[in-house]
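S.K.: Okay, sequence plus prediction incoming.
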2 protein chains.
Amino acid sequence: MAVYTEVTDGELADFLREYDIGEMMSLKGIAEGVENSNYFLQTDRDSYILTLYEKRVDPVDLPFFLGLMDFLAGQGILSPTPIHGRDGAALRQLCGRPAAIISFLPGVSPRRVQLRQCAPLGEALAAFHTASAKFDQNRPNSLSVDAWRPLFERCAARAHEVQNGLAGEIEAELGFLEANWPTDLPAGVIHADLFPDNVFFLHDEVSGLIDFYFACTDFLAYDLAICLNAWCFETDGSFNITKARHMVRAYRKTRNVETEEMAALPLLLRGSALRFLLTRLHDWIFHPEGALVTPKNPLEYYRKLRFHQSVSRPGELGLD
Amino acid sequence: MAVYTEVTDGELADFLREYDIGEMMSLKGIAEGVENSNYFLQTDRDSYILTLYEKRVDPVDLPFFLGLMDFLAGQGILSPTPIHGRDGAALRQLCGRPAAIISFLPGVSPRRVQLRQCAPLGEALAAFHTASAKFDQNRPNSLSVDAWRPLFERCAARAHEVQNGLAGEIEAELGFLEANWPTDLPAGVIHADLFPDNVFFLHDEVSGLIDFYFACTDFLAYDLAICLNAWCFETDGSFNITKARHMVRAYRKTRNVETEEMAALPLLLRGSALRFLLTRLHDWIFHPEGALVTPKNPLEYYRKLRFHQSVSRPGELGLD
C-alpha cells in the first residue's frame, strides 16, 4: 500500500491546470501499489489515475514506459492511456517528482487466481506481445540474468537470516543459469511484472493490463514464465498444472510459439523464480525501518525455484 | 493510510449480492483513514465506499453511527448515506468484520487549511449541530474528561520518552480541567473528530462531512473547540485569530450560541488539546512495531495546550 508523496492543494491545482480534463471532484490516495504514489482522480468529466513516480523508477525510463502505453492503447490493447496536457506532454513534475495522469480502467484484480482466469490471461499476454513487437523503442532488462549476481552479492552475507544455507543454494543456481541462459529466443517488449494485481477482470474477461513500469526488451517466453510462476502456484506451494496448461494453450492460440521457446520454458521458469527471489531477498534485508510497505516473503519464490529445479522438460509441467 | 483487511473475491461477491447497487466494476483500497479499511467501490450504477470496521470501533456503537448518518442525510446534511441491503440492513459482516456500504461524496479535503474555508466549515458545523439535536439516540463521549485520567495513567510512566517532564504537566492540567470542566452547557450529538481530512470542499463550499465514528453526545461548543484546534493553528504553531474569527462568526450566524458557551471556550480548547495530546501520546507509546499507520506527533497538541493555558477569555483569541 502506498502514498509516499502528499500533494498540496496549490501544487495540485497548478498541475491540473495543465490538462483539459475538467474540474477536480475528488482525489483519493490508493492503497495498492508498492512502487509509486497513486491517486484516484475524479473530474466532472471522467475518472483518472494520477501517478507520482517515486525513487525506484528511473526518470530516464519514463518516456519509454509512457510511450509504450500510448502505443499499446493505439494497438487496441486494454491498458491505461497517458493523458497529454494542453502542451502535448504526458510527463511533467508534481511536488518535485515526475508525474503523469493516465486513464482509469474498470475491472478488479483477482485476489485469488481462479482457473477460469488463466486462459484469458494467456490470451491477453500473447496479444500484448504481438502488439509490443511493433513498438520501436528498446529498454534492456535491468533485472535479467546479468543483474542477478550483483544483486545476490549485496544480499549474500545476510541471506542466512532468511534461511540457513540460502546463499549457497542461490550461488549454485546462479552458476547454472549463467551457463545455460538462452541467447537467441524471440524477443520483444515484455511486461516483466504481470502478477495478478496488475491484471483487471470483468466477467471473467481481461479488462486491462496495468503497471508497465518494469517493461523492457527480453525474451517473450520469459514473460510467460513470469506469469506461470505468479499465477499457477497454489497457496500451499503446489504447482497447478491445469492452470498452467490453460494459460499456455491460450497463449499459443494467439501467438505462434517456437519449439525452442517451449523447450527453454523450464529454464526460464527457474530464472524467473530466482529473479523474484533475489529482489524480494534484497527488499527483505534492506527495507527501511517503519516502511509503509511490508516486504514480500522471499521464501515463496525460493520454493518455486526448488520446484522448477526438479523439472527438465515442459511435458513434466503438463505443457507440450 | 489503511487497508487492514484484504477482501477475497468470493466473500466480496457474496456480500455485494445482498445489495441492489448494480454490478461491481472496480474496487480499490483507499490509503486515507486510520481507523477502518476503506475501499472505493464502483458499480455500473454509482460510486460507493465500502468500509470494514476494524478493532478500534466498538461494534456495539455501529448502529448509533449508521443511524446518525441515515438521520443526517434525511435532514439535508451533506454526509455519507448508509446503503441498505435487500433485507433492509445497512450493517452486515464481511471477512468476519462488521461492514457497510455508504454513498460516495464528491469533494476534496484541504491538505492545508485556507482562510476562505473556515467560515464554510463553521457554518457546516452549526448546521450539523442544529440537525443532530433532533436525533433521538445518545452515545456518551468515551473520550471526554472522565476518560482522560485513565488514559493518562496508561501512558504516564513512558511520557518522558516523548518529552522530559511531560507527565507532570499533564497531571497538573488534568487536575485543573477535572475541577473546572463545565457541566451544564447546551449538548447534543457532536462529530468530535472534525479535522480537515474529514471535510470535503468543492469551489470553497463544504460538499460533505465524513467519518462519524467518534460521534457522541457532548457539549456542542466542545465540537467547535475541537475544530478551532484542528483548523486554526498554522504549521509553525501559531494560532491564526482571523481563521478562528471567521469560523466562529459563521457558526454563530447559523446557530444561536449562548454567553456561557462563549465564556467556556478557552477551557474547552484546553480540554480538546489535552484529549488529542493524550490519545496521540497513547498511540505513540503503544503503536505496534511495523504498523501501517505512522502515529501522529503528540507534541503538536502539547504546544496547542500550552498556548491555550495562557488564555482566559475568548476575547484574547479574537472571539467575542
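M.R.: In hand now; what should we look at?

S.K.: what does the stretch 51-200 of chain A put close to chain B?
M.R.: Within the stretch 51-200 of chain A, the positions near chain B by Cβ under 8 Å from any Cβ of the partner chain are A:104, A:106-108, A:110-112, A:114, A:200. For every residue, glycine as well, the C-beta is placed using N, CA and C.

S.K.: Between those residues, identify the one with the most neighbours.
M.R.: Among these, A:Phe200 has the most neighbours (other Cβ atoms under 10 Å in any protein chain shown), with 22 neighbours.

S.K.: for the stretch 151-300 of chain A, what spans make up the helices?
M.R.: Counting by DSSP state H, counting those that start in this stretch, the stretch 151-300 of chain A has helices at residues A:166-180, A:220-231, A:241-254, A:259-286, A:298-309.

S.K.: ranking these by burial, who's on top?
M.R.: Greatest average neighbour count among those goes to helix A:220-231 (a mean of 26), per mean count of other Cβ atoms under 10 Å in any protein chain shown.

S.K.: for the residues of the stretch 51-200 of chain A next to chain B, which one is nearest B:Ala119?
M.R.: Nearest to B:Ala119 among these, counting by Cβ to Cβ, is A:Phe104 at 34.3 Å.

S.K.: Test for you: state the pLDDT assigned to the closest one.
M.R.: Each residue has a pLDDT score; the one for A:Phe104 is 96.

S.K.: Let me see the contact set for it.
M.R.: A:40, A:46-49, A:80, B:26 (Cβ atoms under 8 Å, 6 or more residues apart in numbering or on different chains).

S.K.: try it again with 6 Å
M.R.: A:47-49 (Cβ atoms under 6 Å, 6 or more residues apart in numbering or on different chains).

S.K.: Look up the closest residue to A:Pro80, ignoring the ones flanking it.
M.R.: A:Ile102 (4.0 Å; Cβ to Cβ, 6 or more residues apart in numbering or on different chains).

S.K.: Would you list the phi and psi of the one you found?
M.R.: A:Ile102 adopts backbone torsions of phi -120, psi 160, taken as degrees, to the nearest 10.

S.K.: now the residues of the stretch 51-200 of chain A next to chain B as JSON lines including secondary structure and distance to A:Leu185?
M.R.: Listed next are these as JSON lines, based on DSSP: H, G, I helix; E, B strand; the rest coil; distance: Cβ to Cβ, whole Å:
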{"residue": "A:Phe104", "secondary structure": "coil", "distance to A:Leu185": "35"}
{"residue": "A:Pro106", "secondary structure": "coil", "distance to A:Leu185": "35"}
{"residue": "A:Gly107", "secondary structure": "strand", "distance to A:Leu185": "31"}
{"residue": "A:Val108", "secondary structure": "strand", "distance to A:Leu185": "33"}
{"residue": "A:Pro110", "secondary structure": "coil", "distance to A:Leu185": "29"}
{"residue": "A:Arg111", "secondary structure": "coil", "distance to A:Leu185": "33"}
{"residue": "A:Arg112", "secondary structure": "coil", "distance to A:Leu185": "31"}
{"residue": "A:Gln114", "secondary structure": "coil", "distance to A:Leu185": "30"}
{"residue": "A:Phe200", "secondary structure": "strand", "distance to A:Leu185": "29"}
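
S.K.: Redo the residues you listed as CSV? Include distance to B:Asp184.
M.R.: Shown next, in CSV, are those (distance: Cβ to Cβ, whole Å):
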residue, distance to B:Asp184
A:Phe104, 53
A:Pro106, 55
A:Gly107, 57
A:Val108, 54
A:Pro110, 58
A:Arg111, 53
A:Arg112, 57
A:Gln114, 62
A:Phe200, 58
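
S.K.: how near is A:Cys232 to A:Pro314?
M.R.: According to Cβ to Cβ, to the nearest Å, A:Cys232 stands 13 Å off from A:Pro314.

S.K.: A:Asp20 now?
M.R.: Per Cβ to Cβ, A:Asp20 is found 51 Å from A:Pro314.

S.K.: same deal with A:Ala126?
M.R.: In terms of Cβ to Cβ, A:Ala126 sits 17 Å off from A:Pro314.

S.K.: A:Val248 now?
M.R.: The spacing between A:Val248 and A:Pro314, counted by Cβ to Cβ, is 8 Å.

S.K.: cool, and A:Cys118?
M.R.: Distance from A:Cys118 to A:Pro314, by Cβ to Cβ: 16 Å.

S.K.: Which one of those two is surrounded by more residues?
M.R.: Neighbour totals were compared for A:Cys118 and A:Pro314, and A:Cys118 leads with 25 against 18 (other Cβ under 10 Å).

S.K.: Point me to the helix or strand that includes that one.
M.R.: helix A:118-132 (DSSP states H and E).

S.K.: what's the angle between that helix and helix A:220-231?
M.R.: 150 degrees (axes from the mean of the first three to the mean of the last three Cα atoms, to 10 degrees).
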